[in-house]
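[1] Give me a model of this one.
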Amino acid sequence: MLKLGSLKKYFIRKSFRKLLLEKELIRVVSQNEINTVGIIVAEDIFSLIDLQREVEKGLNLQNAKIYSFRTYSRKNAFSDKHFSEKYFGWNGQVTQPGFKVFIEKPFDLLIGYFGKNNLYLENAVLHSKAKFKVGISKVNQELYDIEIATSPKNIKEFLSELKRYLKILKKMKN
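    Residues are numbered from 1 along each chain as shown. Okay, the predicted model is just below:
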């Protein structure tokens with residue numbers, strides 16, 4: 001017998017696949033220069049690296065916004081920098097108002113900074129209204145406009161490569 005959480009995950013995964021196919025058909029890559037940045041990160045990385053500061057410093061930007069995924073527990077039920085599986089409805093849509101504002105913001109760049117498949121992190125990236133999405137390779141290439149082949153622990157290499165590609169694409173000034 002399926003547990004309620006497993007059943008919900010099944011329906012979220014099903015709607016995720018459908019939306020992924022739909023978005024692939026209508027995907028348009030923005031030509032805008034990068035001014036606003038959103039970051040979606042796994043909790044294990046968030047607790048090790050001040051990713052927001054590193055991104056702002058590495059890309060010479062200010063006011064990057066960040067949310068990290070961590071498994072739900074009563075003590076960390078709601079936070080302004082974290083989200084959990086409880087933030088998603090049965091169809092995969094974001095239900096928590098604060099996180100929904102983040103997801104619906106049309107960032108010039110969204111960084112999906114996680115190195116393993118995670119339905120909730122991937123779903124957040126997929127639902128994001130960001131104009132240009134970048135992530136770590138070998139997670140889910142269908143989510144991103146650019147993937148960078150590196151380990152999540154190597155933030156400096158990731159940002160160096162990202163900056164190089166953004167300059168080539170004229171999304172960032174020298």
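
[2] what ranges do the helices span in this protein?
    Ranges of helices in the chain, per DSSP state H, are 4-26, 43-46, 51-58, 97-104, 119-127, 155-168.

[3] Pick the most buried one from these.
    helix 119-127 (a mean of 22; mean count of other Cβ atoms under 10 Å). (Glycine included, C-beta is placed from N, CA and C.)

[4] From the contact counts, what lies against that one?
    Applying 3 or more Cβ pairs under 8 Å, 6 or more residues apart in numbering; DSSP states H and E, one finds that helix 119-127 contacts helix 4-26, strand 37-42, strand 65-69, helix 97-104, strand 109-113.

[5] now for these, which one comes closest to I146?
    Among the helices and strands packed on helix 119-127, strand 109-113 comes nearest to I146, with 9.9 Å by Cβ to Cβ.

[6] average pLDDT for that closest one?
    On average, the pLDDT along strand 109-113 is 96.

[7] ok, it: who's next to it in the sheet?
    strand 37-42 (parallel), strand 133-136 (parallel) (DSSP bridges).

[8] follow-up on the earlier one: of all the helices and strands packed on helix 119-127, which one is nearest L121?
    When the helices and strands packed on helix 119-127 are compared by Cβ to Cβ, strand 65-69 sits nearest L121, at 5.0 Å.

[9] Packing partners of that closest one?
    strand 37-42, helix 43-46, helix 51-58, strand 82-83, helix 97-104, helix 119-127.

[10] Which one of the helices of the chain lies nearest to I34?
    helix 155-168 (6.1 Å).

[11] how big is the angle separating that closest one from strand 109-113?
    Here helix 155-168 runs at an angle of 150 degrees relative to strand 109-113 (axes from the mean of the first three to the mean of the last three Cα atoms, to 10 degrees).

[12] Name the surrounding residues that touch helix 155-168.
    Residues outside helix 155-168 that contact it (Cβ atoms under 8 Å, 6 or more residues apart in numbering): 34, 49, 51, 54-55, 58-59, 109, 111, 113, 134, 136, 146, 148, 150, 152, 172-174.

[13] Pull out the buried members of the residues you listed.
    Burial by neighbour count, judged by 16 or more other Cβ atoms under 10 Å, picks out 34, 49, 51, 54-55, 58-59, 109, 111, 113, 134, 136, 146, 148, 150, 152, 172 from the contacts of helix 155-168.
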